[in-house]
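Q: Return a 3D structure for these sequence lines:
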Amino acid sequence: MSASHRFDLPSEASLWRNNHLKNLEMFYNERCIPITEMIGSLNSLYVRESRSVPNIPEIMSKIMDIIRNIWSYSVDEADLKLSTKHTLEQIDRMKQEFPHKCAEFVQQNADLVEEDYNSIFSDWCSRMKMFLNWSSLCIKRLRDQEVTEGLYTQLFMQFSLICLLQPEIGECYKEQMRIKGVLVSSIPSIRFPKFSDDLTTEFNRTVAVVTIAEIEDISYMRERYHMQNSEAFNVHNILPNELLGQHGAELLIETKKSCFRPKVCGMICVGSKVIFTHLDMTSEHLKAIKGKEEWNDSFRCIIAYSRPYNFMNACDRREMLEMLFWLGYLQSPEFVLMK
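A: As a prediction, the model looks like this:
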């Protein structure tokens, strides 16, 4: 393949396809990996500097336990029209029980709450109440109206808030990278920017970037994905070429702002299902893609990914909380990036 054809790239990440990634020696894994393995790989950057990411604060661990204990209902999108009444009743019951559970927690953990100088628990309670209100509204809309990509974007952003993340709509700013002579722009669906109280710290860093699938992609995946094969999940068989290409391009372009650079953390959201992703690229490979270093045929980078986790399913939700709260801690000003 000629060099000119090999790097004939679209100027917008949303127009990329999987073959554009392959031309840059970027490949999705053939199989999913556990979330714990993904956390370990991202954390390895800090381990090399002898400062691994410490455990999240105890108050955050306790909040995860509360979510696991009190949020027991599940929503099946495929059967939503048949089970809407039951689901809304479950949400309403949780709304009524939630204040009592919070008061009980404060009573049992008085010292911990008193030491919570940043009011993490109080902030989380407000976020949880807001999410329950949004859940009711979104479920009614899923039942009664034509579903839009924006509805799932809003629902996932509200869910991320209860994991103490702070989402930002991707359209807040456009990221660009010159790739083999082509200036490529990226506007992902959502970013999770890094916050810092240190005015001398570089402000524009990213913890994770999110691609929200279009409605037709949700149907595409639903027709091909079966939960019983989740541990052998392969994105090549389940997700459309266009979605894989777009997300890979968004990960690539976010490398220069990533908190894990040259690694990048991401997510693909297909309806209420979340696939965690992780781009692992060497600095030399990245420089060559940017045209700042000679191309080497040994270059190859992998995009690892998890199985899909449905945040409206109780079992999946319990498993994915650790990853999301970990990212929430990294995003907060309390965690200071290495220089």
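Q: Could you report the distance from the closest residue to Val113 other than its chain neighbours to Arg93?
A: Leaving aside its chain neighbours, Val113 sits nearest to Val106 (5.3 Å; criterion: Cβ to Cβ, 6 or more residues apart in numbering). For glycine as for every other residue, the C-beta is placed from the backbone atoms N, C-alpha and C. Distance, Val106 to Arg93, by Cβ to Cβ, to the nearest Å: 21 Å.
Q: Show me which of the two is the more surrounded one.
A: More neighbours surround Val106 than the other of Val106 and Arg93, with 15 against 12 (other Cβ atoms under 10 Å).
Q: Could you measure from that one over to Asp116?
A: Val106 sits 10 Å away from Asp116, going by Cβ to Cβ.
Q: Also Glu175?
A: Distance from Glu175 to Asp116, by Cβ to Cβ: 35 Å.
Q: which of these two has more neighbours?
A: Taking other Cβ under 10 Å, Glu175 and Asp116 do not tie; Glu175 has more neighbours (21 against 18).
Q: Next SSE downstream of the helix or strand in which Glu284 is found?
A: Secondary structure assignment for Glu284, by DSSP states H and E: helix 283-289. Counting by DSSP H and E, the element after helix 283-289 in chain order, helix or strand, is strand 301-305.
Q: which residues are contacting that next one?
A: Strand 301-305 is contacted from outside by 21, 25-29, 32-33, 37-38, 41, 235, 248, 251, 268, 275-282, 285, using Cβ atoms under 8 Å, 6 or more residues apart in numbering.
Q: helix or strand right after the longest helix along the chain?
A: The longest helix of the chain (DSSP state H) is helix 80-108. Next in sequence after helix 80-108, counting helices and strands by DSSP H and E, comes helix 110-114.
Q: so how far is the helix or strand following that next one off the chain centroid?
A: Per DSSP H and E, the first helix or strand lying C-terminal to helix 110-114 is helix 120-144. Its chain's average C-alpha position is 19 Å from that of helix 120-144, according to Cα atoms, centre = their mean, to the nearest Å.
Q: in helix 120-144, what counts as buried?
A: 120-121, 124-125, 127-128, 131-132, 134-135, 138-139, 142-143 (16 or more other Cβ atoms under 10 Å).
Q: Could you do stretch 272-289 as well?
A: Buried residues in stretch 272-289 (16+ other Cβ under 10 Å): 272-281, 285-286, 288-289.
Q: so can I have CSV of the residues you listed showing distance to Arg191 and secondary structure?
A: Listed next are the buried residues of stretch 272-289 as CSV, based on distance: Cβ to Cβ, whole Å; DSSP: H, G, I helix; E, B strand; the rest coil:
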residue, distance to Arg191, secondary structure
Ser272, 20, coil
Lys273, 20, strand
Val274, 15, strand
Ile275, 17, strand
Phe276, 15, strand
Thr277, 14, strand
His278, 16, strand
Leu279, 15, strand
Asp280, 20, strand
Met281, 19, coil
His285, 23, helix
Leu286, 19, helix
Ala288, 26, helix
Ile289, 21, helix
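Q: For these, work out which two are farthest apart.
A: The most widely separated members of these, counting by Cβ to Cβ, are Ser272 and Ala288 (38.3 Å).
Q: In this protein, where is pLDDT below threshold?
A: 1-7, 44-54, 77-82, 117-118, 197-203, 226-230, 337-339 (pLDDT under 70).
Q: Give me the distance between the residue nearest to the spatial centre of it and Leu252.
A: Centroid check for the chain by Cα atoms, centre = their mean gives Met267 as the closest residue, at 3.6 Å. Distance, Met267 to Leu252, by Cβ to Cβ: 15 Å.
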